[in-house]
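K.L.:
coordinates only, sequence not included:
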């Protein structure tokens, strides 16, 4: 095998290792424990700072519950289109812009806030996470702690959701792009917190 072929195999396995690990929601430590490969070695393998040894292949394949052939194959190119229906909750409609990735990852949504969403609750909610928003159209009202902001098209905001907060429309519907972490997504889309 020539050096270029070895580099190609090494690169392919490195990418495949990370892809399979993320698909399974495993940490480097999980794979290290299951493969009996030191976590620092595994980290360097995955980042390309260390070359792959032949004895790593069966141990990594076993740790990831795949065959060695599966670990060596080129990553499958999935359909890149994001599919998913809209969800409406508390007068906000969410359209997913990312597929559901690994746990703890960020998810992007386009949102439309109804013009009727104008009255904040008596107690502003708090939850674990961090929100980021970019306003596309309309004017967004953001209550953040004791502060009351009007966010215009072309402006972005980011804030810790441990700060009491609420957002709604000023004088018409608002469209925005939002990035939500796992905890923020759970609160905005799936639970009954208000």
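P.N.:
Looks like it arrived, so ask away. If you're wondering where the values come from, they're calculated on a predicted model, not measured in any experiment.
K.L.:
where does residue 166 fall, helix, sheet strand or coil?
P.N.:
Look at residue 166: counting by DSSP: H, G, I helix; E, B strand; the rest coil, its state is strand.
K.L.:
from what I can see it touches residue 143, true?
P.N.:
Yes - Residue 166 lies in contact with residue 143 (C-beta atoms under 8 Å); the separation is 4.6 Å. (Each C-beta comes from the backbone N, C-alpha and C, glycine too.)
K.L.:
Mind listing the shared neighbours of the two?
P.N.:
The contact sets of residue 166 and residue 143 overlap at 120, 124 (C-beta atoms under 8 Å, 6 or more residues apart in numbering).
K.L.:
ok so residue 109 is a strand residue?
P.N.:
Yes - assessed with three-state DSSP, residue 109 lies in a strand.
K.L.:
any idea what sits nearest it, other than its immediate chain neighbours?
P.N.:
residue 94 (4.6 Å; C-beta to C-beta, 6 or more residues apart in numbering).
K.L.:
Mind listing the residues bridging to the one you found?
P.N.:
Residue 94 has these beta-bridge partners by DSSP bridges: residue 87, residue 111.
K.L.:
roughly how far apart are it and residue 165?
P.N.:
17 Å (C-beta to C-beta, to the nearest Å).
K.L.:
try residue 144
P.N.:
Taking C-beta to C-beta, one finds residue 144 at 5 Å from residue 165.
K.L.:
Overlap in contacts, those two.
P.N.:
Going by C-beta under 8 Å, 6+ apart, residues that sit against residue 144 and also against residue 165 are residue 159.
K.L.:
which ones are touching residue 163?
P.N.:
By C-beta under 8 Å, 6+ apart, the residues touching residue 163 are 126, 144, 145.
K.L.:
three-state assignment of it?
P.N.:
Residue 163 is classified as coil under three-state DSSP.
K.L.:
where do the strands sit along the chain?
P.N.:
87-89, 92-96, 107-113, 130-137, 140-144, 147-151, 156-160, 165-169, 174-180 (DSSP state E).
K.L.:
what is the orientation angle of the second one with strand 107-113?
P.N.:
Strand 92-96 and strand 107-113 are oriented at 150 degrees to each other (axes from the mean of the first three to the mean of the last three C-alpha atoms, to 10 degrees).
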